[in-house]
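Enquirer: Need coordinates for the below:
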Amino acid sequence: MSTPQLLEYIENRVYNEINEGDTSTLIRTLRPEDIQMYAILSGDMNPTHVDPEYARSSEFREVVAHGMWGGMLFSNVLGTQFPGPGTVYIDQSLHFEHSVRVGDTLTVTVTCKRKFDHNHHIIFDCDCKNQDDERVIYGTAEVIAPTEKIKRAKVALPELRLSATKSSRYEHLLEITSGLSAIPMAVIHPCDGESLKGALQARDRGLIDPTLVGPEDKIRALAEELKLDLHGCTFLNVPHSHAAAESGVALAREGAVEALMKGSLHTDELMGEVIDKATGLRTERRISHVFMMDVPTYPRPLLITDAAINVAPDLVTKIDIVQNAIDLALCLKIKDPKVAILAAVETVNPKMIATLDAAALCKMADRGQIKGGLLDGPLAFDNAISVVAARTKGIKSVVAGQADILLVPDIESGNMLAKQLEYLADALGAGIVLGARVPIVLTSRADSAQTRTASTALAVVLAHAQRAKKTGANNG
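Expert: A predicted model of the protein is given here:
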């Protein structure tokens with residue numbers, strides 16, 4: 001015999017059940033998110049309540065709650081418990097004696113003061129005190145009390161979850177460059193609005209000293225049209241995009257710049273020059289791409305690789321893809337980065353190459369052929385990022401449910417995953433190419449200037465890591 005599920009009910013007290021002097025109480029502690037949610041719902045963005053810097057200079061010295069946040073607690077009591085469902089508000093007067101600060105615990109009491117039998121009106125005294133027994137708010141409320149008994153199961157409402165805005169998450173991402181000086185960067189053919197804005201925003205944030213490689217007249221005309229300031233920019237005037245790719249790569253090869261940024265040209269056009277065996281920027285590593293995603297519903301940055309360069313990587317290619325991503329994670333100060341090697345299933349299946357590659361990569365990591373990270377796979381996406389999913393499937397792993405890096409089987413799955421997170425989960429993405437002599441900011445032509453600037457932050461961190469490595473090698 002199954003145990004019946006206990007339901008929470010909401011029940012009223014009808015007019016005839018209430019006597020003068022009867023009371024009801026509610027206790028509530030103010031949280032920071034209470035202030036934020038009230039501001040969002042009401043539209044009241046008074047800096048006294050939502051701007052800590054401003055609040056410190058005000059008479060309160062810190063953020064305080066909106067006065068009506070405390071006032072609405074009376075409505076809570078009257079509408080849900082005393083009298084409860086069926087109550088109709090007629091009038092409310094409130095007087096505010098003290099501000100309410102984060103962490104204050106309020107005790108709200110409503111007391112039946114007077115009843116009117118001819119129309120079932122009731123006047124209530126309303127009193128609210130804080131944890132120090134100071135009266136914060138007081139007043140009176142007049143309602144029409146219900147005359148019919150109501151008892152219903154509480155309605156399950158959607159869970160409200162506050163997440164940082166995309167703008168604030170963008171600012172947080174740029175903090176990875178704190179204390180790092182600007183690097184010289186070649187911006188290849190910035191001949192559309194977003195690519196030129198991205199380079200100039202990165203300049204204005206102190207990330208780069210840009211060299212704009214492309215047709216100078218066209219770039220200047222675009223800047224004038226968009227009212228963009230080109231101060232601090234160096235020009236390398238070349239006639240078209242192919243020449244821009246060739247010249248930009250040459251600057252990096254000669255050490256004149258420490259990073260490249262793709263502008264309004266096709267990826268193949270730039271990367272063809274980068275991988276050229278004679279004149280390109282190849283190293284002993286296979287070149288690969290990493291998306292760093294800030295996903296509001298995931299508690300840490302998520303690196304996805306490779307979703308832009310390697311179409312259908314074999315095992316040997318995946319070794320370099322993984323190592324490139326681990327090295328980036330270490331530069332970002334992610335300790336012991338956890339790599340989930342994705343497949344459709346979490347068991348090795350000889351008919352599914354992705355699962356065989358996953359098993360081989362894990363063994364290679366065990367033998368020291370892949371260094372710096374913790375690998376596990378094959379893992380399906382759900383148990384790579386969800387501890388609950390991993391436990392449900394009986395997977396015991398230091399990686400499952402808390403991955404830092406997702407190694408995808410091929411470019412299609414990686415590209416779809418990254419774009420799903422961006423467009424359906426409001427993820428903030430930054431993209432970078434690794435394995436070349438210099439980091440390369442490689443973004444889609446549809447990406448915003450903000451995304452390009454965020455990607456530039458990754459390039460700055462990597463460029464400084466390369467400087468430190470060279471300095472250490474020279475000192476050694």
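Enquirer: Please point out which parts of the biggest helix by length in the chain sit buried.
Expert: The residue-count maximum for a helix in the chain (DSSP state H) belongs to helix 449-475. Going by neighbour count (16 or more other C-beta atoms under 10 Å), the buried part of helix 449-475 is 449-466. Using the backbone N, CA and C atoms, a C-beta is placed for each residue, glycine as well.
Enquirer: Kindly report the same for stretch 196-214.
Expert: Applying a neighbour-count criterion of 16+ other C-beta under 10 Å, the buried positions in stretch 196-214 are 196-203, 205, 207-214.
Enquirer: how far away is the residue of the chain most remote from its centre from residue 13?
Expert: In terms of distance from the mean C-alpha position of the chain, residue 118 ranks first, at 57.6 Å (C-alpha atoms, centre = their mean). Distance check for residue 118 against residue 13: by C-beta to C-beta, to the nearest Å, it reads 20 Å.
Enquirer: can you pull the alpha-carbon coordinates of the helix or strand of the chain with the lowest mean pLDDT into CSV?
Expert: One helix or strand of the chain scores below all others by mean pLDDT, DSSP states H and E: helix 52-56, with a mean of 77. What follows is helix 52-56 as a C-alpha-only set of coordinates in CSV (Å, rounded to 0.1, in the frame of the first residue of the first chain):
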residue,chain,number,x,y,z
PRO,A,52,25.4,49.7,-3.8
GLU,A,53,27.9,52.4,-4.8
TYR,A,54,25.2,55.1,-4.7
ALA,A,55,23.6,53.7,-1.6
ARG,A,56,26.9,54.0,0.3
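Enquirer: so how far is it off the chain centroid?
Expert: Centroid separation between helix 52-56 and its chain, computed with C-alpha atoms, centre = their mean, to the nearest Å, is 24 Å.
Enquirer: Please apply the same query to stretch 63-79.
Expert: Here stretch 63-79 is found 31 Å from its chain centre; the criterion is C-alpha atoms, centre = their mean.
Enquirer: what about that stretch, average pLDDT?
Expert: Mean pLDDT, stretch 63-79: 91.
Enquirer: Identify each buried residue in it, please.
Expert: Across stretch 63-79, burial judged by 16+ other C-beta under 10 Å covers 63-67, 69-71, 73-75, 77-79.
Enquirer: do the same with stretch 326-342
Expert: In stretch 326-342, counting by 16+ other C-beta under 10 Å, buried: 326-332, 334, 337-342.
Enquirer: Take those and keep only those in helices.
Expert: Counting by DSSP H, the members of the buried residues of stretch 326-342 that fall within helices are 326-331.
Enquirer: Closest one of those residues to residue 267?
Expert: Residue 267 has its nearest neighbour among those in residue 328, at 19.2 Å by C-beta to C-beta.
Enquirer: which residues does the closest one contact?
Expert: Applying C-beta atoms under 8 Å, 6 or more residues apart in numbering, we find residue 328 in contact with 290, 292, 303, 432, 434, 458, 462.
Enquirer: Could you dump those into JSON lines and include secondary structure, distance to residue 234 and pLDDT?
Expert: Below are the contacts of residue 328 laid out as JSON lines (DSSP: H, G, I helix; E, B strand; the rest coil; distance: C-beta to C-beta, whole Å; pLDDT from 0 to 100):
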{"residue": "290", "secondary structure": "strand", "distance to residue 234": "28", "pLDDT": "96"}
{"residue": "292", "secondary structure": "strand", "distance to residue 234": "28", "pLDDT": "94"}
{"residue": "303", "secondary structure": "strand", "distance to residue 234": "32", "pLDDT": "97"}
{"residue": "432", "secondary structure": "strand", "distance to residue 234": "23", "pLDDT": "95"}
{"residue": "434", "secondary structure": "strand", "distance to residue 234": "26", "pLDDT": "96"}
{"residue": "458", "secondary structure": "helix", "distance to residue 234": "22", "pLDDT": "95"}
{"residue": "462", "secondary structure": "helix", "distance to residue 234": "22", "pLDDT": "96"}
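Enquirer: Distance to residue 406 added to those, as JSON lines?
Expert: Below are these laid out as JSON lines (distance: C-beta to C-beta, whole Å):
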{"residue": "290", "distance to residue 406": "10"}
{"residue": "292", "distance to residue 406": "11"}
{"residue": "303", "distance to residue 406": "7"}
{"residue": "432", "distance to residue 406": "15"}
{"residue": "434", "distance to residue 406": "15"}
{"residue": "458", "distance to residue 406": "17"}
{"residue": "462", "distance to residue 406": "20"}
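Enquirer: Just give me the closest of those to residue 407.
Expert: The closest of those to residue 407 turns out to be residue 303 (C-beta to C-beta; 9.3 Å).
Enquirer: Tell me if I'm right that the closest one and residue 288 touch.
Expert: No - using C-beta atoms under 8 Å, residue 303 makes no contact with residue 288, being 11.2 Å away.
Enquirer: Can you pull the residues that touch both of these two?
Expert: Counting by C-beta under 8 Å, 6+ apart, the contacts common to residue 303 and residue 288 are residue 325.
Enquirer: So for the two, which residue has more residues nearby?
Expert: Taking neighbours as other C-beta atoms under 10 Å, residue 303 and residue 288 compare with residue 288 leading, 26 against 23.
Enquirer: how near is the more buried one to residue 98?
Expert: Distance of residue 288 to residue 98, computed by C-beta to C-beta: 59 Å.
Enquirer: quick revisit: wait, which of the buried residues of stretch 63-79 is closest to residue 27?
Expert: Distances from residue 27 to the buried residues of stretch 63-79, taken as C-beta to C-beta, are shortest for residue 73 (9.5 Å).
Enquirer: Grab the nearest non-local neighbour of the closest one.
Expert: Spatial nearest neighbour of residue 73, excluding adjacent residues (C-beta to C-beta, 6 or more residues apart in numbering): residue 108 at 4.5 Å.
Enquirer: Tell me, how many residues neighbour that neighbour?
Expert: The number of residues packed near residue 108 is 22, by other C-beta under 10 Å.
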